Each structure stands twice: as C-alpha cells, then as structure tokens.
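Provided below for reference: sequence and predicted model.
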Amino acid sequence: MFLILSALLLANWRGQIIGGLLLLSSVISAVWFAVLVFNPVTAGTLPLSAHMFEIFRNAAWMMFLYTVLSRQSTDFSRPALRGVLPLICGLPLMLLLLATYSVASGDGLISPLFGANLTYIGHITIALLGLLLIEKLYSSTNPGRRWALKFMCFGIGGLFIYDLFMYSDALLFKGIDIYLMDARGAVNALCVPLIALSVARNPDWQLDLFVSRHVIYHSTVAVAAGVYMMTMALAGYYVRSFGGEWGPALQTIFLFGAILILVILFFSTELRARLRVFLAKHFYRNKYDYREEWLGFARTLAENKDNSKIYETIIKAVAGVVKSPGGTLWLPDNEDCYVLSGNIGVHDAVNDDIPANKRFVRFMQDNTWIINLDEYRTDLSNFDDLEIPQWIISCNSIWLVVPLLNKGSLTGFIMLQRPHGNASFDWEDIDLLSTVSFQTAAYLDLLKTTEALSEARQFETFNRLSAFMVHDIKNIVAQLNFVTSNFPKYKENPEFLNDVMETITNASTKMNNLLGYLGKDQVIISSAPQKLDIAVLIQHVIGTRRISKPVPVLKNSDLNLFVRAEKDKLTSAIEHLIQNAQEAASEDGEVWISIDRQESLARIMIADDGHGMDEKFIKTRLFKPFDTTKGNAGMGIGVYESREIIRGLGGSIKVISDCGIGTVFTITIPCLQEETIPNNYAVAMNS
C-alpha cells in the first residue's frame, strides 16, 4: 500500500517541499516493511536493521507533520514554539540511536535487557510526541481547513496510536508480542487510503492526487458487503453451535435470509443514493465530480437515436445530473402558452397549459431562479412575486422547476421529480443545474432551428421540382402555340401536318412523364439507361425544333458513336441548348451541331451566331438556377438542368462566347466501346 501511494505521489509531485516530505515518508515506510519481510521479529526481539529503518520512518513522518504544522498553524509564528518543537522531536530519535548502538548484540538483535526497555520507552515517547503534533496541528488549524486535514490526522495518528499500544505492551511484558507485530502491516495498510484522501483534498501541496468517486463508491460497497457477510457467517456459526439438533437447518435458513437481505440492499435505489451523498459529504471537497457529470449529460444527449423521443432524452439528461428519476418538459406553442412536450414518470394531472403571461412564467423569465417547490411550500418569504399554479403545488412528486433560458428568452422549463434518498439542495446543485439548463436551452434552440431548416429544405425541394415542371410545361405550350398559330396558313401542307403530329406526340409524351412525376407515391419516375446513337438522337431533336427559326443543321456525325443514358433526360438537355441557340440567333441566322469522338468521349458542339455572352455572365449567371435574362418568358433553369443531366452521365459542358459573334456549347460524354455494341444496333435505332 505504501509502495502504491509512493508511485502516485511521485507521478503527481510538482516540486513542493511538503509533497517531497510526504513522498519521502511513504518511500521509507515501504522500505521499512520490506526489511521486516526478510528480517522478522524473533523471540520477542526487534532486528537491528528493522529498528534502524523504523527510526528513519518515524523521523520522516515527524518532519512532515512539523512542516505541515509550520504552514497551517496560526500560532506557529511565535519563536519559542518554532525553536522548541524540533528539539522535542529530535530527542527521542537521538535516544533511540544511542540505545541501538549501546545494546546491539553480536547477532544483530536488540538485547532484551535494560537497553531494550530503553528502546521501547523511546518508541513510546516518539509515538506520544507524534500524537501531540497531530493534536496541535488539528486544533490550531482554521476550522475551514480541517476538512482537508482530518483524514491525514486519522491516518498518521493511527500509525502512532498502534505503535504506542504495541510498545507499551512490549515494555510491560518484556518483549514484543508476535501477534501484534503480525497485525502491524495490515493496520498500517488501512491507514494509507486515509492519507491519500487527505492528499487529494490539499491541492496546494502540488500533489494533485485524484481519488475516483467510482472507486471509492464501489470499494465502500465491497468492504461493507464483506463485513456484513463475515458478521453473518459468525452469527451463523453460533446459531449452528447453540441450535442443538436444529442447528444446521437454522444456520442454513439464517444464511439464506442474510444473503437475501444483502441482495435487496444492493438493488435499493434509496440506499445507493444515501451512500453517494454520505461519501460526497465526508470524502470530497465538492458534492459533484463535474467532469463526470458533464460527460454523462453530453453522452445522454448524444446517444439519442429516436427523434420522436428527443424531449424525453432531454429530461433524462437533466434529471440524471441531480439523480432525479424523471420529470416533465414544457415548451411554447404558437398560442403563447407553454404545453407539455415530454414526460418521464410523472403520473399526476399535468396536462394543463400554462399561459406565457402568467406570473409563474414571468418570474422565471425575470429572475432565472431554479424554484425549489419544497421550500416554496414551507416558506414563501423568498418568493414574493411568484404565483405557482395550484395543480403544480398539489403534485407532491414534483421537486424542482428549472427554467431554460437562452439569450435572455425563456425557451422552456423542466419540472423534476424528487430523487430517492436524501433530497438535499444547496448552492452546488443550483450552480450545476444552472449550467446544464443554459446548455439545454441552447440545444433546444438549435433543435428548433434544425427543424425549421429541414422544413425549409423540403419546401425548397418542392419548389425546385415545381419550377422544372413549369419549365417543361412552358416549352410544351410554346410548341403547341406555334402549331396553332401557323395551322391556318399551312394546313394544306403535308409536311406541316407531319410536323404537327410529331409535335403533338412529343408534347403528349412529355405530359405523360410529368403526370408520372406526380404519381400517388410522389416518386419521380425515370427510365432505365440504354444505349443511344448520338446522331439518331440529335436528328430527332432537330426534327422537333424545326418549327422554330433558324432551323438547326447537323453538319457532320459519327454514325457509330454510342453512349449509355436515359433517353428522355439526354434529349431534354440537348433540346434546351438547341432552343437557347435558336432564341439567341436571328431568324435568318445560323445554328449548327457537330458530333465527333475525342478519345473515349463523345463530343457534341452546338453553335450559333447570335448576340453572345461576356465572360462575367458565363462565370456568375449562366448556370445559376432561377436567373434569367428573358424576363417573364423564362424560368432560368434550362441551362442549369442541362448541365446537371450531363454531369450525371459523367460528362461536362464548356462554353465559348463573344458578344456580337456567337456562342459554342461543347458537351462531352463518355461513350461506349465499339466492340460492346451489337452489329444490328444501329440498324434497329435507325428503323
């Protein structure tokens, strides 16, 4: 135990002299016990080596106590006290050294005659002086500091008390009792945790020794369970011994009952809560391990995987900080009321809405107080402006009302149930809950913002889809208007009638696709990708666009150039670009299309001799959705949609344009290898 303590002290030592003396005392104690292992007490006499190391061990502890006393005591400034104490502590050490050298026998043992008695008297004297130092240290320490030193006084005092008892017995009976010596190690080991706990309570010694609350709690439970079982075993032994013929049966019944009671105690929530409170009060400077509490709070919020239970998760996270079993969460609605949004374990009638203009709500908004309902029920002097609804007061299970404020606004509030065990509530609970409440309010505001953003994105998606559909409908209507406006003039022309039928067929196909977009499951229907002959597809688009001037011209083509794509989408993309080229050029202008292969890419060039575009417009506005130069006649998504379709095929669109000269759109799409295309595919496409 002293070796472990030494390792912890060495790892946390920051060079302070008190910490160094404590480390020295612990190391010498560990070495002293190691010497006793190899040089035990023989025939009631103490080995010389063990005796010498014990002198060093006592000297180290006395020096440590003297140093602490010089730092802590309010009376130590008097010169007489500062000069006498070192002399008093040094006299027994000198006495022990003289006795050792004068009575040492040839075999390395202390002679059990007059010299041994003098040795025992010296040990008794140093034990008494050690206890005197401890008493002086404790009594002269400021009462506010005793909390940090009392366990050290208990631990080191235990060492000296046992030495006083053992050596008094040795002086009385002319030799050291072997059984008392055997128990000495265990007694010292029991004192080590007390010293370590006191070190953890004194960070000014620059020994930031951390004692885990979980270790203390579980160790206490294990020790308590062990003591309980040993006591029950001893009692069972006497039941068996004095029970006569029924002794074995009574022992079995007794032990079964003892184990059953132990199991019940293990699962007692109230007992565990009381034990944690007891340990926090008597072993730690602060009631909470704030690091663990904050990590637990954050972990509870992060582990939520069901968005439908997010409010219950928030209640659980806040309630867990003060070990509350549950509570309710109240959030504002659209009618200036706070409504019940989440509930864990509160079975009272809590369904009444609370208007935002109630004095209860205004009090939390203005004062940011955590309301202790137990205090409110017994003493109203601190709540002059507070008027709590009667149904809340009548709910005896509700303990605290925690306001959730963010940026000066009341985001909501949480009502917590009373925890099991001793429901104490002090400034530490208030500080911790206040910090958690601010974080919770920020979390709720972020959640609200996220929900609003998600809703806005859904509307944006719907509006974008609607815009694309309106764009396609506009194009269809424009084609049909062109047909109807020219029908009286060309109704006798067979070629015009053929174009009319083709235009109507194309419009019907597009309208059917739009109806598919608005199916009962609201799932956008798309055709499967297929092998397409680029030349055939563009000739089809040109045939559709012949109704507008200038008529596009396909200058050259590679009839063996194939790509894999959705026919309707690729047709729509190319048609948008050809239509824009026609609108940019004059009726007597020129629009031409060229097709060729560039390594593994199919390249389509769409050019016009229209008014063109400047470089700034191409970079900032050309591909920006819903930005158009056509006024009310355009939607501003044709070029954007075409680019997204081409990108979806793994291709790209590049633009070269000069104002007053014209524009060239260059489309590149990965094409299929010729050997992967059946020989009769082109014939089938042409037919």
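Arrived safely.

ranges for the strands of the stretch 201-350 of the chain?
Using DSSP state E, counting those that start in this stretch, the strands of the stretch 201-350 of the chain run over residues 327-332, 337-344.

meant to ask about the chain, not that
Taking DSSP state E, the strands of the chain run over residues 327-332, 337-344, 354-355, 371-372, 398-406, 409-417, 530-533, 553-556, 562-565, 591-598, 601-608, 652-658, 662-670.

which stretches of the stretch 1-150 of the chain have low pLDDT?
Applying pLDDT under 70 to the stretch 1-150 of the chain flags residues 14-15, 41-47, 72-116, 144.

The strands of the chain: which one's closest to residue 266?
Proximity to residue 266 (CB to CB) singles out strand 409-417 among those, at 23.1 Å. Where C-beta positions appear, they are placed from N, C-alpha and C, glycine not excepted.

and that closest one, which residues are buried?
410, 411, 412, 413, 414, 415, 416, 417 (16 or more other CB atoms under 10 Å).

Quick one: the strands of the stretch 201-350 of the chain as CSV, columns for distance to residue 141 too.
Output for those, formatted as CSV (distance: least, CB to CB, whole Å):
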stretch, distance to residue 141
strand 327-332, 43
strand 337-344, 46
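
biggest helix in this protein by residues?
helix 427-490 (DSSP state H).

what about it, distance to the chain center?
Taking CA atoms, centre = their mean, to the nearest Å, one finds helix 427-490 lying 31 Å from the centre of the chain it belongs to.

So which elements touch that helix?
Helices and strands touching helix 427-490, by 3 or more CB pairs under 8 Å, 6 or more residues apart in numbering; DSSP states H and E, are helix 290-302, helix 310-321, strand 398-406, strand 409-417, helix 494-517, helix 638-648.

What degree of burial does the nearest residue to residue 336 once chain neighbours are set aside show, as a neighbour count?
Distances taken as CB to CB, 6 or more residues apart in numbering place residue 356 nearest to residue 336, at 4.5 Å, with adjacent residues excluded. Residue 356 sits with 15 neighbouring residues when counted by other CB atoms under 10 Å.

start at 59 instead
With 59 as the first residue, the last one maps to residue 414.

Kindly state the pLDDT recorded for residue 414?
At residue 414, the model reports a pLDDT of 79.

Next, it: phi, psi?
Phi and psi for residue 414, reported as degrees, to the nearest 10, are phi -70, psi -20.

do you know how far the residue nearest to residue 67 when sequence neighbours are not counted is from residue 638?
Counting by CB to CB, 6+ apart, residue 67 lies nearest to residue 81, which is 4.5 Å off, once chain neighbours are set aside. Distance, residue 81 to residue 638, using CB to CB, to the nearest Å: 84 Å.

cool, and residue 548?
Applying CB to CB to residue 548 and residue 638 gives a distance of 26 Å.

so where is the stretch 309-458 of the chain shaky, pLDDT-wise?
Looking at the stretch 309-458 of the chain by pLDDT under 70, you get 326-348, 363-366, 392-393, 406-409, 438-442.

For the residue nearest to residue 487 when sequence neighbours are not counted, which residues are in contact?
Of all residues not flanking residue 487 in the chain, residue 380 sits nearest, at 5.9 Å (CB to CB, 6+ apart). Each residue near residue 380 by CB atoms under 8 Å, 6 or more residues apart in numbering is listed here: 458, 474, 477, 487, 490, 491.

quick one: residue 380 and residue 468, what's the gap?
Distance, residue 380 to residue 468, using CB to CB: 21 Å.

for residue 219, same thing?
Relative to residue 468, and taking CB to CB, residue 219 is found at 59 Å.

next one: residue 91
From residue 91 across to residue 468, the span is 63 Å (CB to CB).

how about the nearest residue to residue 637 once chain neighbours are set aside, what does it touch?
Spatial nearest neighbour of residue 637, chain neighbours left out: residue 603 (6.5 Å); criterion: CB to CB, 6+ apart. Residue 603 makes contacts with 609, 610, 633, 636, 637, 640, as judged by CB under 8 Å, 6+ apart.

can you count the residues close to the fifth one?
Right, the one you point to is residue 637. Residues lying near residue 637 (other CB under 10 Å) number 20.

can I assume it is in contact with residue 696?
Yes. Checked against CB atoms under 8 Å, the pair residue 637 and residue 696 is within contact range at 7.4 Å.

Residue 297 contacts residue 312, correct?
Yes. Residue 297 is within contact range of residue 312, at 5.2 Å (criterion: CB under 8 Å).

In contact with the residue lying farthest from the centre of the chain, which residues?
Within the chain, the residue lying farthest from the chain centre (CA atoms, centre = their mean) is residue 550, at 78.5 Å. Contacts for residue 550 (CB under 8 Å, 6+ apart) come out as none.
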